[in-house]
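[1] Let me see the structure of the following:
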Amino acid sequence: MSTGVIIVLIVIAVALVAVVIARFLRARGSGGGQSLKRRFGPEYDRAVARHDGDTKAAERELEERVERHGSLREQPLDPAARERYAVRWTAVQEQFVDSPRDAVVEADRLLAEVAGARGYPAGDHYEEQLSALSVHHAHHVNGYRRVHLAAHSNVGATGHADTEELRESLVEARALFENLTDSARDGRARMRKDAGEVAPADRTDGSHGRANAPWALNRRHVKGS
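    As a prediction, the model looks like this:
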């Protein structure tokens, strides 16, 4: 066997070892499947379903998300910006009564803008922005997903069922909006990150320890229901 062939084989062997070590370190850093389940919650189940039940493939995807976006630090919003966003979200809720589809389109635009202001990838890179949000807001990011899909489809054109789907997507998306504009949550998140802790699951009642925002989207108020 020539020296050149031996060198090539050595290089290949070293590369393979490096890949194995990298995957091992990445898996150890993420804490494995149980840690991913705790961190991603419903997003873990969605990833498994998307990979047709292949948990290993799903976990690799989630580990890659953490690797790309886990170190992202959310940028603070000043009180004036929080107030402006809150006023716009209230307007979206009010608009829904007369124009559900337009309200959902505006909610999609507003969520992308707020996420961008917090330091996430820009809204014109939706998939990357959603991926980053899923790492830090896993328990509420699906609301944004539903609103975005509704805003870019024909859902809601006619009929009670379509309007109800839009209403539900907007209600779910509100939780993410509140997370992104909640100053108290920002303070808790900074304390956890400074302590090296993984953020626990967000509350699922939409309150996050604060009073619920007014919500006019009950069935009897929506036109065409």
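[2] residue ranges of the helices in the protein, please?
    Remark: helices assigned in the chain by DSSP state H are 3-30, 32-40, 42-50, 55-69, 79-98, 100-117, 126-136, 141-151, 160-181, 183-195.
[3] and the second one, what does it pack onto?
    Just to be clear, that refers to helix 32-40. helix 42-50, helix 55-69 (3 or more C-beta pairs under 8 Å, 6 or more residues apart in numbering; DSSP states H and E). In short, each C-beta sits where N, CA and C put it, glycine included.
[4] For it, buried residues please.
    For helix 32-40, the neighbour count (16 or more other C-beta atoms under 10 Å) marks 35-37, 39-40 as buried.
[5] what's the answer for the fourth one, then?
    Using 16+ other C-beta under 10 Å as the burial criterion, the residues of helix 55-69 that qualify are 58-63, 65-66, 69.
[6] Including distance to Asp98 and pLDDT, could those go into CSV?
    Below are the buried residues of helix 55-69 laid out as CSV (distance: C-beta to C-beta, whole Å; pLDDT from 0 to 100):
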residue, distance to Asp98, pLDDT
Ala58, 41, 93
Glu59, 45, 93
Arg60, 46, 94
Glu61, 40, 92
Leu62, 40, 94
Glu63, 45, 94
Arg65, 38, 93
Val66, 42, 94
His69, 38, 95
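[7] one step back: farthest pair within the buried residues of helix 32-40?
    The span of the buried residues of helix 32-40, defined through C-beta to C-beta, is set by Ser35 and Phe40 at 9.4 Å.
[8] Under the pLDDT cut-off, which ranges of this structure? List them.
    1, 20, 22-32, 154-161, 184-225 (pLDDT under 70).
[9] Distance of Lys37 relative to Leu133?
    According to C-beta to C-beta, to the nearest Å, Lys37 and Leu133 sit 18 Å apart.
[10] And for Gly70?
    Distance of Gly70 to Leu133, given as C-beta to C-beta: 13 Å.
[11] So between those two, which is more surrounded?
    Neighbours per residue, other C-beta atoms under 10 Å: of Gly70 and Leu133, the larger number sits with Leu133, 26 against 15.
[12] Walk me through the domains of this protein.
    Domains of the chain are assigned by automatic domain parsing as 3-69, 79-195.
[13] Can you tell me which of those is most buried?
    Comparing the domains of the chain by mean neighbour count (mean count of other C-beta atoms under 10 Å), domain 79-195 comes out on top with a mean of 18.
[14] Just list the residues touching Glu113, thanks.
    Counting by C-beta atoms under 8 Å, 6 or more residues apart in numbering, Glu113 touches Gly123.
[15] swap in Tyr85?
    77, 110, 114, 177, 181.
[16] Tabulate these in JSON lines, adding columns for distance to Ala15.
    JSON lines is the format used below for these (distance: C-beta to C-beta, whole Å):
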{"residue": "Leu77", "distance to Ala15": "45"}
{"residue": "Leu110", "distance to Ala15": "46"}
{"residue": "Val114", "distance to Ala15": "43"}
{"residue": "Phe177", "distance to Ala15": "46"}
{"residue": "Thr181", "distance to Ala15": "46"}
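[17] Right, I'll leave it there.
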